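Colleague: Need the 3D shape of this:
(4 chains)
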Number of protein chains: 4
Amino acid sequence: MLIVMRQDATQEQIDAVIGIIGEKGCQARPIPGGERVSIGVLYNKGPLDPANFQALAGVKEAIAVTRPYKLVSREVKPHDTIVRVGNTEIGGSRFSIIGGPCAVESESLAMATAEHVKKAGADIFRGGAFKPRTSPYAFQGLGEEGLKILAKVRETFDMPVVTEVLDLAHFDMVEQYADIVQIGTRNMQNFSLLRRAGESKKSVMLKRGMSATVDEWLMAAEYIMSEGNENIILCERGVRTFVRHSRNTLDFSAIPVVRRESHLPVIIDPSHASGYRDQVLPLARAAAAVGSHGLMVEVHDMPDFAQCDGGQSLYPDQFALMCRQARAICDIFASS
Amino acid sequence: MLIVMRQDATQEQIDAVIGIIGEKGCQARPIPGGERVSIGVLYNKGPLDPANFQALAGVKEAIAVTRPYKLVSREVKPHDTIVRVGNTEIGGSRFSIIGGPCAVESESLAMATAEHVKKAGADIFRGGAFKPRTSPYAFQGLGEEGLKILAKVRETFDMPVVTEVLDLAHFDMVEQYADIVQIGTRNMQNFSLLRRAGESKKSVMLKRGMSATVDEWLMAAEYIMSEGNENIILCERGVRTFVRHSRNTLDFSAIPVVRRESHLPVIIDPSHASGYRDQVLPLARAAAAVGSHGLMVEVHDMPDFAQCDGGQSLYPDQFALMCRQARAICDIFASS
Amino acid sequence: MLIVMRQDATQEQIDAVIGIIGEKGCQARPIPGGERVSIGVLYNKGPLDPANFQALAGVKEAIAVTRPYKLVSREVKPHDTIVRVGNTEIGGSRFSIIGGPCAVESESLAMATAEHVKKAGADIFRGGAFKPRTSPYAFQGLGEEGLKILAKVRETFDMPVVTEVLDLAHFDMVEQYADIVQIGTRNMQNFSLLRRAGESKKSVMLKRGMSATVDEWLMAAEYIMSEGNENIILCERGVRTFVRHSRNTLDFSAIPVVRRESHLPVIIDPSHASGYRDQVLPLARAAAAVGSHGLMVEVHDMPDFAQCDGGQSLYPDQFALMCRQARAICDIFASS
Amino acid sequence: MLIVMRQDATQEQIDAVIGIIGEKGCQARPIPGGERVSIGVLYNKGPLDPANFQALAGVKEAIAVTRPYKLVSREVKPHDTIVRVGNTEIGGSRFSIIGGPCAVESESLAMATAEHVKKAGADIFRGGAFKPRTSPYAFQGLGEEGLKILAKVRETFDMPVVTEVLDLAHFDMVEQYADIVQIGTRNMQNFSLLRRAGESKKSVMLKRGMSATVDEWLMAAEYIMSEGNENIILCERGVRTFVRHSRNTLDFSAIPVVRRESHLPVIIDPSHASGYRDQVLPLARAAAAVGSHGLMVEVHDMPDFAQCDGGQSLYPDQFALMCRQARAICDIFASS
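Modeller: Below you'll find the model as predicted:
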């Protein structure tokens, strides 16, 4: 942290700040400048809250300097983490594609869609058994029946499956069936759930909160990792902005930033980000081009009759086109 | 919902849209205009997703018209809900003040602060026993020990207490001690927690999510109310914007909007909204002036030594001044 | 500026950064810490761009420390600026109310509305002669005819008038008629217009840009002041956020921040911020309570027939009520 | 527009709304539904303001239905506009690359950079002669001297040039030298400047405002087009959000939306959007993949010594790599 004193700060005020820094077990390093004194705070263990210092007499501003995360940081582990999932892996130079319906509505829908997903060359199947819905009156998913259908998809098509867990009460159940347990955007800071995921032997997909900074997102991953689970896949799914022509705004800059700051793989979900089918293909191509480690996309055997998110689900042939284009884009990097 | 067709939409496309509306059990009402046809969707039960219709051939736009909430709506219940809490109530023409430290750090801190809170004329005591922290390495609260201290505060000072519940696993415990169970901003769409709160006999304070619209916030309240609990207090605590001089931006417009749309009481938390002590008093006065049902403010016996949120906690004398000014502002309404 | 080096930065990289700092005429002060080296940049004249340094080899982050503005800063001039306008003044402990229609539509409308404004006890009359409209096909204002009507209002009711200037081409004309020349939100960074305003003998009202930080807003004021005009009134009018129930979101925190950082008076415009009449009265009261120096509010003799912004214009009796309530709220401060 | 009445609206209130619609020269079409009446507003010429209707007694909500723009709309002109610029064109299936320094600092810098730009296969040279700077004390550009250097670049390298105009006063001068006159993000709603650009014979590049919706951006283009100039290139350059790891957030969804709504070409500027060099290449690839009509990127012969925006300017070899990768990505579309 750097504490910038006011121009008119007195020596007493400066000394008081230095004293409080010492009481917190840190070392104060005053830096006299042309117009004012600044004070560096060194050797702090754990995060300090700038607001605490900003409120002291004579202080103009307190600025956080070091990043609060440790285990997820590339400074601690320089090499890319590669997450092994069933017969495939996510991370490094590999580009992974995950496809499937928003919700597992029935076995026949899941199997029909999975066949398309497999044939298009995707790596992993997705489908929701527990659905977070804004309205208590909307379809909430099939629960364990849905999970069993997912297990059948895995067995039949030899594809790992990812599905969302909504709460602690169902974690054991979801963990039993899923290859990757997904923590959704609304739960990114559900700290009990994060800790439980940290104790799991399964991989975890951590979606970015709708209004989370990259720092907060990486701190949520730190919760998981601090409990011992290193198999974490980050998923950017758009942030909330003033823009109204898409449900959210995909933050593509987050990809190079996360790749620089952390060793964890990071993929993109253009379906939930946009909310509209005709934006998904262009955004998916951009997701490949920006250097993410993969895509998670909603596809449905018959989107017009889907029980949820039909309007953003691709038709099977659109999904196949997307897979071809995304992989072709990735090949360009390899050769340039 | 209103479906606006493209200018070049064919009669076949219009008929197809009308057919799909019928299949969903609604009634289609075509409205031919000068340049294009629109189609009203009537008699729908439950929410329809505009994206489903916007993706159909020939459709330019689908626009949601009716609000998705029912029980929390003032159209369903025209009169203000007044929530009885211990020896006081929240709602109607009453202005309630809730004060206390961010976290219950110790019995002595809680008791000392409660004495100030009581003397300043506040109605309810607040204090966190379970703290949601961005970092897994930060102080996480005293847990049940903190809840017991809160019970002692209630007994000693004859003030109801409000405290946050973080997850399902601790709901029974928190419910046992608290007069008002708080659901925090990060949990606003933790639907299992909302349903559990709906089964509780205790009042619930529902904070607005950091990037939630008023519609989403009221739908979260609908989750609680649909399980039978009508004792809900809404709490605006700022939304995430590009602004950097405060932690969040308080959305004062939400107060007249919520009061028009819903019968539930709505209060304001300027402490978490701003993050800086010197903004709390001005924002608290504004909260009284804008017509909210009350305030929740952090105050600490010795903020410079607080274990969390010290920088945004008021000194006891600032809190007393705030109570005086806020109540004086409310009196102006009564007489004008 | 503070430059934070990466943990693995080499001594060569550190030296290279120090060299570049020196070439820019500043002094480098290395600060070795536990995990990494930081480098303070001292004695810089004018703003440095952190991105320039962040892009250098071995640099983790470059953080701006000092504020870029000078003349508008309270550190340079500690006492409140009070702007004299006709027979009144804005700033200090005074609370000023400005009222009038969005546009000067006709002499009769202006005179009728001005009579209400005067009777309600407002200080200054507002009315647009040149209107910035999103659509080229919408009513654009009466131009010089509107300015002449404003001059007649001033003469008849002995009230100063404020009106917006849209471009350099009309500055001389507007300046001739207005007591306060308003620079609108869309022009906050129209730097030629700002410089021209800086040469004017008239007071300037500078509205905050819809997505401007307080720093950018104060820098825009710095443009005006650097040309010699110190009679600047800042006006907060809401910022663009994801919120949809109001046109913009009023940033009340900006008021205490501006008052701490700058000596210039700052008022609030709740009409353009909200866009809806039923939000204006509550927001206006809050504007008085938060400690602003005044209000600018749209009022219209017959809002239902207004040519622009009718939906956000108060009825005359609402405006009178607002004046009473806002002044009563201000009186509370004086006595507490 | 659709006007949704309250459930408890009386017949008198409904009739009054219908009456006002008639007075505005439109036709009212009541739509009785299960719970409430809605009223369609048909045959309106020009935009109506929903707030005007929302403020009427008995009205719950007024919702704009039709888009306010005409000439720029694809409904009016279905085929892509292709803008001819010197020896090249922008639009249709062509992918254009524009490169050059932020500011024309000197003839030698411009010529050296232009040589790199040309060799990398870019189509158009960019460089600022008049710079919009947040601070009045920062380098403001070389003015006409810079324009003359641009003309020399065009002559020497046979490349059209684009440069920004800041105000009406310099439009004639800039127009004389430039092939494309750029209107910057801060001037997107500088309506006098837009009208003047509409009278120009030169092409216009219209950058999106930092917090403008796509509708507002297209309306700004409508201002230009309504004066007769159809040679407009739109440029997405990021919008302001809560995100802090990039200067702005590129709104990639805007590209498919603009391409669907309008016939005008739309390109992307990843340099100003991100503000950091290491984000530019990934974002530029994504810009090609998402289906934009081109790129505008800052490149500098010696970025570490640039007078502005050095931290976001590519090195010449990075720019060459970007051109190769972007064009290779575009080729994938052509063949799939």
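Colleague: Please list the residues of the stretch 151-300 of chain A that sit near chain B.
Modeller: Residues of the stretch 151-300 of chain A lying close to chain B by C-beta under 8 Å from any C-beta of the partner chain are A:166-169, A:186-187, A:189-193, A:195, A:210-211, A:216, A:219, A:222-223, A:226, A:240, A:247, A:275-278. For every residue, glycine as well, the C-beta is placed using N, CA and C.
Colleague: Please repeat the previous calculation with a cut-off of 6 Å.
Modeller: Selection of the stretch 151-300 of chain A residues close to chain B by C-beta under 6 Å from any C-beta of the partner chain yields A:167-169, A:186, A:189, A:191-192, A:210-211, A:216, A:219, A:222-223, A:226, A:240, A:275-277.
Colleague: need the contact list for A:A129.
Modeller: By C-beta atoms under 6 Å, 6 or more residues apart in numbering or on different chains, the residues touching A:A129 are A:104, A:141-143, A:146-147, A:163.
Colleague: so what are the domain limits for chain A?
Modeller: A:2-63, A:83-334 (automatic domain parsing).
Colleague: Report whether the first one contacts chain D.
Modeller: No: contact of domain A:2-63 with chain D (C-beta under 6 Å from any C-beta) is absent, the minimum separation being 12.7 Å.
Colleague: just stretch A:70-79 next, same as before
Modeller: No: using C-beta under 6 Å from any C-beta, stretch A:70-79 stays clear of chain D, coming no nearer than 13.6 Å.
Colleague: Next to chain C in this structure, residues from chain A, please.
Modeller: Checking chain A against chain C by C-beta under 6 Å from any C-beta, the hits are A:2, A:4, A:7, A:29, A:31, A:33-34, A:40, A:42-43, A:63, A:65, A:75, A:240-242.
Colleague: What is the nearest of those to chain B?
Modeller: Nearest to chain B out of the residues of chain A next to chain C is A:R240 (C-beta to the nearest C-beta; 4.2 Å).
Colleague: For the residue nearest to A:N248 when sequence neighbours are not counted, give me the pLDDT.
Modeller: Among residues not flanking A:N248 along the chain, A:G238 sits closest, at 3.0 Å (C-beta to C-beta, 6 or more residues apart in numbering or on different chains). Note on A:G238: pLDDT of 98.
Colleague: same check, this time on A:G46
Modeller: 64.
Colleague: hmm, which of the residues of chain A next to chain C are the buried ones?
Modeller: Buried members of the residues of chain A next to chain C, scored by 16 or more other C-beta atoms under 10 Å in any protein chain shown, are A:2, A:4, A:29, A:31, A:33, A:40, A:42, A:63, A:65, A:75, A:240-242.
Colleague: Check what contacts the helix or strand bottoming out on mean pLDDT in chain A and list those residues.
Modeller: None of the helices or strands of chain A scores lower by mean pLDDT, DSSP states H and E than helix A:50-54, at a mean of 80. Identification of contacts with helix A:50-54 by C-beta under 6 Å, 6+ apart yields A:3, A:59, A:62, A:64, B:275-276, B:310-312.
Colleague: Swap in 10 Å and give it another go.
Modeller: Helix A:50-54 is contacted from outside by A:1-4, A:17, A:20-21, A:24, A:39, A:41, A:59-65, B:247, B:274-278, B:303-306, B:308-313, using C-beta atoms under 10 Å, 6 or more residues apart in numbering or on different chains.
Colleague: Just give me the neighbour total for A:T163.
Modeller: 25 (other C-beta atoms under 10 Å in any protein chain shown).
Colleague: quick one: the strands in chain A?
Modeller: A:2-5, A:27-32, A:37-42, A:59-63, A:83-85, A:88-90, A:96-100, A:124-126, A:161-164, A:180-183, A:203-207, A:232-236, A:266-268, A:294-298 (DSSP state E).
Colleague: winner for burial among these?
Modeller: Mean neighbours per residue, mean count of other C-beta atoms under 10 Å in any protein chain shown, is largest over these for strand A:294-298, with a mean of 28.
Colleague: Quick check: which helices or strands does that one pack against?
Modeller: strand A:96-100, strand A:124-126, strand A:232-236, strand A:266-268, helix A:270-274, helix A:277-289, helix A:316-334 (3 or more C-beta pairs under 10 Å, 6 or more residues apart in numbering or on different chains; DSSP states H and E).
Colleague: can you rerun that using 7 Å?
Modeller: strand A:96-100, strand A:266-268, helix A:270-274, helix A:277-289, helix A:316-334 (3 or more C-beta pairs under 7 Å, 6 or more residues apart in numbering or on different chains; DSSP states H and E).
Colleague: so what secondary structure elements neighbour the last one?
Modeller: What that stands for is helix A:316-334. Under the contact rule (3+ C-beta pairs under 7 Å, 6+ apart), helix A:316-334 is packed against strand A:96-100, helix A:277-289, strand A:294-298, helix D:316-334.
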